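Peer 1: Sequence unavailable; structure follows:
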């Protein structure tokens, strides 16, 4: 699990997580302040 801001200037961070195989799991609207959502990503790890 990782989290980041939903502000436009964090799009690079969100794109990095997506490229690493993370998927958006949840969005908490206006978590940090008005207009700034908290976006939570998750990645399932496979064990052998």
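Peer 2: Received it, and whenever you're ready, just let me know what you need. Only a predicted model underlies this, so the values are computations on that prediction, with no experimental measurement involved.
Peer 1: count of neighbours near the nearest residue to residue 10 once chain neighbours are set aside?
Peer 2: Leaving out its chain neighbours, the residue that sits closest to residue 10 by Cβ to Cβ, 6 or more residues apart in numbering is residue 4, at 5.3 Å. Where C-beta positions appear, they are placed from N, C-alpha and C, glycine not excepted. Residues lying near residue 4 (other Cβ atoms under 10 Å) number 17.
Peer 1: again, but for residue 41
Peer 2: Neighbours of residue 41 under the rule other Cβ under 10 Å: 19.
Peer 1: any idea which helix or strand carries it?
Peer 2: Element membership for residue 41, per DSSP states H and E: strand 36-42.
Peer 1: in that strand, what's buried?
Peer 2: Under the neighbour-count criterion of 16 or more other Cβ atoms under 10 Å, strand 36-42 has 37, 39-41 buried.
Peer 1: pLDDT added to those residues, as JSON lines?
Peer 2: Converted to JSON lines, the buried residues of strand 36-42 look like this (pLDDT from 0 to 100):
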{"residue": "37", "pLDDT": "98"}
{"residue": "39", "pLDDT": "98"}
{"residue": "40", "pLDDT": "98"}
{"residue": "41", "pLDDT": "98"}
